[in-house]
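Q: how does the following fold in three dimensions:
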Amino acid sequence: MPKEASNRGLPVQSLQDRIREAIEEEIHAGKLKPGSQLDERALAEQFDSSRTPVREALLMLAAQGLVTIVPRAGIFVHKPTVAELVAMFETLAEMEGVVARLATQRISEAGRAALSLAFEHGRAFVEAADTPGYVDANRDFHDVLYQATANPYLAEQIRMLRRRLAIYWRHRGLINPARVPSSFQEHGVIVAAVLAGDADAAAAAMRAHLSAGGKAVADLVLLAQDAYDEPAAAAGGR
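A: Prediction:
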């Protein structure tokens, strides 16, 4: 019986998904760095599988843009160019601007209360200089706005893009603690605009928050050039 059919009684598709999800998680966590080569044989041994479901999982990751298949060279964790990183970040800024606009137009009374609470929750981490705590609070703040849009498709697309960029923001402590107070203040501007019902101001404040005066793009360029070799200052909570 083929290994992929006998592995804990799982069907081939389930095993492929399990392998894909495990590799994807290691990429997003920074355990597999951009440019790292992936060994089909080693992965098959790791998952007690034949190489067929491993190959299928890698093909799915390639379709997601997370791995690159180079003929006669191998399979590698995708290492975006500087232009790709800038394009991804510009796209994120514009999409988040749309989120702020829609949230302002559609937010409920419960959503308004949740947004104010999420904003205030971040204050304690700023005052305690707790950068990791603020990063989590920042994620929760943006999640409240995603929910307020009543557009789960838009939210999912943004989350996917944020996950692809997260390895550059978080790997090896690259989030700059000095950026956190400014990020919190920018959140305050966004909240004020949303609660005032000013969709244009909310969208503009969100784009400014993500762009941070162009610094974020410059940081991503530095990170791409360093390719994890040397730590560099990166963007804070966004």
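Q: please count neighbours and contacts with C-alpha atoms only from this point.
A: Noted.
Q: following the lowest-mean-pLDDT helix or strand in the chain, which helix or strand comes up?
A: Ranked by mean pLDDT, DSSP states H and E, the weakest helix or strand in the chain is helix 3-6, scoring a mean of 44. Per DSSP states H and E, helix 3-6 leads on to helix 12-28 as the next helix or strand towards the C-terminus.
Q: how far does that next one sit from its chain's centre?
A: Remark: helix 12-28 is offset 17 Å from the chain centroid, using CA atoms, centre = their mean, to the nearest Å.
Q: where does this structure dip in pLDDT?
A: Applying pLDDT under 70 to the chain flags residues 1-13, 168-175, 213-238.
Q: again, 80 this time
A: When residues are selected by pLDDT under 80, those of the chain lie in 1-14, 29-30, 82, 166-176, 212-238.
Q: please enumerate the helices of the protein.
A: 3-6, 12-28, 40-46, 51-63, 82-106, 109-127, 131-148, 152-170, 180-195, 199-211, 215-226 (DSSP state H).
Q: any idea how the chain splits into domains?
A: 3-77, 82-226 (automatic domain parsing).
Q: and among those, the most buried is which?
A: Most buried of the domains of the chain, by mean neighbour count (mean count of other CA atoms under 10 Å): domain 82-226, with a mean of 18.
Q: tell me how far that one lies from the chain's centre.
A: With CA atoms, centre = their mean as the basis, the mean position of domain 82-226 lies at 11 Å from the chain mean.
Q: now stretch 78-90
A: With CA atoms, centre = their mean, you get 13 Å for stretch 78-90.
Q: ok, now stretch 34-53?
A: Stretch 34-53 sits 24 Å away from the centroid of its parent chain (CA atoms, centre = their mean).
Q: span of that stretch from start to end?
A: In stretch 34-53, first residue to last residue: 23 Å (CA to CA, to the nearest Å).
Q: hey, C-alpha coordinates of stretch 184-192 in CSV?
A: Extracted in CSV, the C-alpha atoms of stretch 184-192 (Å, rounded to 0.1, in the frame of the first residue of the first chain):
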residue,chain,number,x,y,z
PHE,A,184,-0.5,54.2,18.6
GLN,A,185,-1.0,57.9,17.9
GLU,A,186,-1.9,57.1,14.3
HIS,A,187,-4.5,54.6,15.5
GLY,A,188,-6.0,57.4,17.5
VAL,A,189,-6.4,59.5,14.4
ILE,A,190,-8.0,56.6,12.5
VAL,A,191,-10.5,56.0,15.4
ALA,A,192,-11.4,59.6,15.6
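Q: got the contact list for that stretch?
A: Contacting residues not belonging to stretch 184-192 are listed as 100, 115-116, 119, 122-123, 126, 201-202, 205-206, 209 [CA atoms under 8 Å, 6 or more residues apart in numbering].
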